[in-house]
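1. model this:
(2 chains)
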Amino acid sequence: MAFKKTALIGAAIAGLLATGYAAAQEQFIGLPSYRVGPFGSNGASLYGGWIDYMAMVNERDGGVNGVKLTWEECETEYNNARGVECYERLKGKGPTGNTTFQPLSTGITYSVLEKVAQDKIPMVTIGYGRTDAADGRVFPWVFPMISTYWTQASAIVNYIGQKEGGMAKLKGKKIGLLYHDSAYGKESHAIMDKLAEKHGFELSKIAVANPGNEQQAQWLQIRQLKPDYVVLWGWGVMNATALRTAAKTGYAREKIVGVWWSGSEEDTIPAGDAAKGYTAAGFNVAGANYPVVQDIQKLIYAKNKGNMEDKTRVGSVLYNRGVVHGIITVEAIRKAQEKYGKGKSMTGEQMRWGFENLHIDNKRLAELGAAGFMPDLNISCADHEGAGKLKFQQWDGAKWTVVTDWIEGDRPLVRGMIEESAMAYAKEKGITPRDCSKEL
Amino acid sequence: MLYREAGQFKASYQEDQQIFPIRQDRMGFAAILAFFFLVVPMIADQYWLQAILIPVLIFSLAAIGLNILTGYAGQLSLGSAAFMAVGAFGAYNFMLRIDGMPFIVGVVLGGLCAAAVGVAFGLPSLRIKGFYLAVATLAAQFFIVWALVKFPWFSNNASSGVITAQRVEILGYAFDTPVSKYLLTLAIVAVLALLAKNLVRSTTGRSWMAVRDMDVAAEVIGIRPMHAKLTAFAVSSFYCGVAGALYAYTYLGTVEPEGFSLDLSFKILFMIIIGGVGSIMGSFLGAAFIVLLPIFLNVVMHSAFGGSMPAGLGSNLELIIFGGLIIFFLIVEPHGLARLWQLGKEKLRLWPFPH
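-> Numbers count the residues shown, from 1 in each chain, chains lettered A, B, ... in the order given. Next up is the predicted model:
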């Protein structure tokens, strides 16, 4: 009897140790996704791409240096309060807790901004979120990577300048800014005002009330103003409505330039023919013929294990953006393992180091099968943005075609504004900025 | 048997006028308070405190606010979230602009701002009733959110209109751990809930109910409908405003005007309908139901089906079950959870020998 008991306990302990050992070889990533609610279809595409990429890395490479990627989704419904709940729920999961939080919502980003610093979990907000968090000295735990809204606005103006044949030609031109009347839409004002002053173009800001399915008055105003270009800073249903209304009022779609949240298939397909000729910015391109997407098709979808319910959307703009999220996360894990030990699961703090020292050059991108898929990336302690380059794509009625090479924003101007704003935040909050020269 | 009142005699007016006239209720209430103040901080982990208990308490407070207006005074309102926004932005601005503003005073001033705005938007209630009034308060919902976005002064000229709440400090003690934030929220909510419970038993509360039941008759017996309606709007908005300030300070930390959307107003309305219209305890039950059920469904979906079900389907099923349960529940008990509790209490009075 006693022997039996001892043996049982021994087996139980051995079992525990074994599971403990196996668990140590995992890297947990919490996904605060949304598949219902007003932006559900966007969330499904983006998180689908991200999950497929991680599944593909597990399948093809057996994880990162033998560490399997694990993840769990938590439905936020794009709602801030639910997002905070998901953040707290995912925090303690996995052997080292949640190691990166990427909510794809500016609202949720703001809601957990201070919590991530307390809990030491890096938050990566690729192409959205708080712009001035790009100053890593004040925001060590937040990474608005690749390009912030301000860089984007500046790159759009540069693109228009290029189209006109030089920035000097912008003088005296009229640009309309049709924006979603919310925190997101207003994020563009400060930089656009500065750019208008610098290049001498005339800026008219035209607000569209949420959700944006009524724009008759706005386009009438645009017809009166006759702007040379209209920058579309829209979201969700607003984009398709803008394109349709523009067609109705006879404004050339070729002269409308969208931001990246206005430049996905979810925006153009509902607009039908009215979207033809419309151009939008993006930090990743559409298309399923990149080797990285091909690998996903081959290793995941061929075995019927893909995350997307609508398989035709594999290779769409937002799906590919999810793949970019996957690439950046996986590369950060790899980078962190180089310093803290290969084959181990990284903690949030170690992951932060990985993100902060992330260098993905064009050679590495080619190895990943993503040459030209996304810009090269160079994150540092002070600069959490790291790329600031955009490509512009035109909708030909059926698909997006890339029409430019990478276009950079006015980095000195944007960086100056970022630092000014970040320092104001530091002062308000009593934060002493880090000294980056002392960092490893 | 549990609720046998035999032998409990009231020998003075004071005893007759207690909030909880039955001894069992008093003991139960004390036990609940002791549990939430003493036991919960010891046993609950950070997730429970931060992500479950604090929001439930805050939404309970907002639901009490709406319940005072809709449940007790009979004035329909769809602007609760907007009044929460006024409270949050009001408290933020008082603490930002006035040096050394104590936290509690800031929150109360934020609540008073909301009360003032509430009275302004309550003025139409003197002429219109029912659904027409609901539409008028809908205007408050849109106007306030628009104004907070439109005038950058409210958010201290932040480029995106988002405010970051200051540190919560009372008499030099910083409330920055989940336990301390929870206790602070709980204390404020408990005090205000008791105040509300007392208020609805007072002359003011009785005049609200008289106006609710029949305003002409109320006027005939000497109740001033204007006074009653406007005080209801003021008190209700005050409660919502304090809830909004707590939402910003002890729960989210940073809020944007769009966070206080019509959706949130509807949610608060559902809370009082599910919990029980015209009941303080119902506000707590309703808030807990509306906040916890979606989270519970989400967790269950994940653990039950895991990877075998497409994630999109899971999320949609959650909504379907949530909606279905609400409908089922309202058919079975249209008077809400508070009514269930009341029935239970009556049964316990006779148990185990029902006649």
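
2. near chain B, anything from the longest helix that chain A contains?
-> Taking DSSP state H as the criterion, chain A has its longest helix at helix A:317-340. No - Helix A:317-340 does not reach chain B (Cβ under 8 Å from any Cβ of the partner chain); its nearest approach is 12.9 Å. Placement of C-beta: from N, CA and C, glycine included.

3. list the buried ones in that helix?
-> A:317-337, A:340 (16 or more other Cβ atoms under 10 Å in any protein chain shown).

4. In terms of secondary structure, what does it contact?
-> Secondary-structure packing of helix A:317-340 (3 or more Cβ pairs under 8 Å, 6 or more residues apart in numbering or on different chains; DSSP states H and E): helix A:40-61, strand A:123-124, helix A:265-268, helix A:291-299, helix A:348-356, strand A:359-360.

5. And those: which comes nearest chain B?
-> Set against chain B and scored by Cβ to the nearest Cβ, those come closest in helix A:40-61, at 5.5 Å.

6. Give the pairing partners of the very next helix or strand once past that closest one; include direction for each.
-> For helix A:40-61, the following helix or strand on the C-terminal side (DSSP states H and E) is strand A:68-73. Here strand A:68-73 is paired, per DSSP bridges, with strand A:26-31 (parallel).

7. ok and the strand it pairs with relative to helix A:348-356, angle-wise?
-> Note on geometry: by axes from the mean of the first three to the mean of the last three Cα atoms, to 10 degrees, strand A:26-31 and helix A:348-356 are set 80 degrees apart in direction.

8. Need the residues that contact strand A:26-31.
-> The contact list for strand A:26-31 (Cβ atoms under 8 Å, 6 or more residues apart in numbering or on different chains) reads A:47, A:50-51, A:54, A:63-64, A:67-74, A:86-87, A:90-91, A:93-102, A:329, A:333, A:345-346.

9. count of neighbours near B:E346?
-> For B:E346, the neighbour count with other Cβ atoms under 10 Å in any protein chain shown is 12.

10. secondary structure class for it?
-> helix (DSSP: H, G, I helix; E, B strand; the rest coil).

11. tell me the strands in the chain, going along the chain?
-> In the absence of a named chain, chain A is used. For chain A, the strands defined by DSSP state E cover A:26-31, A:68-73, A:123-124, A:142-143, A:174-180, A:202-208, A:229-233, A:256-258, A:279-282, A:359-360, A:377-378, A:389-395, A:400-402, A:407-408.

12. wrong one, I was asking about chain B
-> Using DSSP E, strands in chain B cover B:163-164, B:169-170, B:173-174, B:254-255.

13. Adjacent strands (with direction) for the last one?
-> Sheet pairing for strand B:254-255, assigned by DSSP bridges, gives strand B:163-164 (antiparallel).

14. which residues of the stretch 1-150 of chain B score low on pLDDT?
-> Low-confidence segments of the stretch 1-150 of chain B (pLDDT under 70): B:1.

15. Up against chain A, what does it have?
-> B:Q46, B:Y47, B:Q50, B:A51, B:I52, B:P55, B:W146, B:V149.

16. Whichever of the residues you listed end up buried, select them in PyMOL.
-> A single PyMOL command suffices to select whichever of these are buried according to 16+ other Cβ under 10 Å:
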select buried, chain B and resi 47+50+51+52+55+149
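
17. Report the two of the residues of the stretch 1-150 of chain B next to chain A separated the most.
-> Longest distance between any two of the residues of the stretch 1-150 of chain B next to chain A is 36.5 Å, between B:Q46 and B:W146; criterion Cβ to Cβ.

18. coming back round to it: winner for burial among the strands of chain B?
-> For these, the largest average neighbour count (mean count of other Cβ atoms under 10 Å in any protein chain shown) is found in strand B:254-255, namely a mean of 25.

19. what distance separates that strand from the centre of its chain?
-> 19 Å (Cα atoms, centre = their mean, to the nearest Å).

20. average pLDDT for that strand?
-> In this model, strand B:254-255 has an average pLDDT of 84.

21. What of stretch A:61-79?
-> On average, the pLDDT along stretch A:61-79 is 90.

22. what about that stretch, distance to the chain center?
-> 16 Å.

23. quick one: buried residues of that stretch?
-> A:63-64, A:67-79.

24. Stretch A:305-318 too?
-> Within stretch A:305-318, the residues that count as buried by 16+ other Cβ under 10 Å are A:G306, A:N307, A:M308, A:R313, A:V314, A:G315, A:S316, A:V317, A:L318.

25. Give me the mean pLDDT for it.
-> Stretch A:305-318 comes out at a mean pLDDT of 88.

26. So which bits of the stretch 101-250 of chain A are right by chain B?
-> Residues of the stretch 101-250 of chain A lying near chain B (Cβ under 8 Å from any Cβ): A:106-107, A:110-111, A:113-115, A:130-132, A:181-184, A:186-187, A:189-190, A:210.

27. Could you tell me which of these count as buried?
-> Counted by 16+ other Cβ under 10 Å, those give A:106-107, A:110-111, A:113-115, A:130-132, A:181-184, A:186-187, A:189-190, A:210 as buried.

28. who's in contact with the residue in the stretch 1-150 of chain A that chain B sits nearest to?
-> Proximity to chain B, evaluated over the stretch 1-150 of chain A using Cβ to the nearest Cβ, is greatest for A:E88 at 3.7 Å. For A:E88, the contact set (Cβ under 8 Å, 6+ apart) comprises B:Q46, B:Y47, B:Q50, B:A51.

29. Apart from its chain neighbours, what residue comes closest to the second one?
-> By that I understand B:Y47. A:E88 (4.7 Å; Cβ to Cβ, 6 or more residues apart in numbering or on different chains).

30. do the first one as well
-> Counting by Cβ to Cβ, 6+ apart, B:Q46 lies nearest to B:P178, which is 4.9 Å off, once chain neighbours are set aside.

31. Tell me which residues touch the one you found, please.
-> Contacts of B:P178 (Cβ under 8 Å, 6+ apart): B:Q46, B:L49, B:Q50, B:I54.

32. Mind doing that once more with 10 Å?
-> By Cβ atoms under 10 Å, 6 or more residues apart in numbering or on different chains, the contact set of B:P178 is A:88, B:41, B:44-51, B:53-54, B:250.

33. A:K429 now?
-> A:E114, A:V138, B:T164, B:Q166, B:R167.

34. Can I get those in TSV including distance to B:P310 and pLDDT?
-> Putting those into TSV (distance: Cβ to Cβ, whole Å; pLDDT from 0 to 100) gives the following:
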residue	distance to B:P310	pLDDT
A:E114	35	85
A:V138	41	92
B:T164	38	85
B:Q166	44	86
B:R167	44	86
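
35. Mark which of these are part of helices, please.
-> A:E114.

36. Of the contacts of A:K429, which is the nearest to B:P225?
-> Distances from B:P225 to those, taken by Cβ to Cβ, are shortest for B:Q166, at 40.9 Å.

37. can the helices and strands packed on helix A:317-340 go into JSON lines with extra columns for distance to A:Y251?
-> Listed next are the helices and strands packed on helix A:317-340 as JSON lines, based on distance: least, Cβ to Cβ, whole Å:
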{"stretch": "helix A:40-61", "distance to A:Y251": "26"}
{"stretch": "strand A:123-124", "distance to A:Y251": "37"}
{"stretch": "helix A:265-268", "distance to A:Y251": "16"}
{"stretch": "helix A:291-299", "distance to A:Y251": "34"}
{"stretch": "helix A:348-356", "distance to A:Y251": "42"}
{"stretch": "strand A:359-360", "distance to A:Y251": "39"}
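
38. Spatially nearest residue to the residue of the stretch 1-150 of chain B at minimum distance from chain A (excluding sequence neighbours)?
-> Chain A sits closest to B:A51 of the stretch 1-150 of chain B, with a gap of 3.7 Å, by Cβ to the nearest Cβ. Leaving aside its sequence neighbours, B:A51 sits nearest to A:E88 (Cβ to Cβ, 6+ apart; 3.7 Å).
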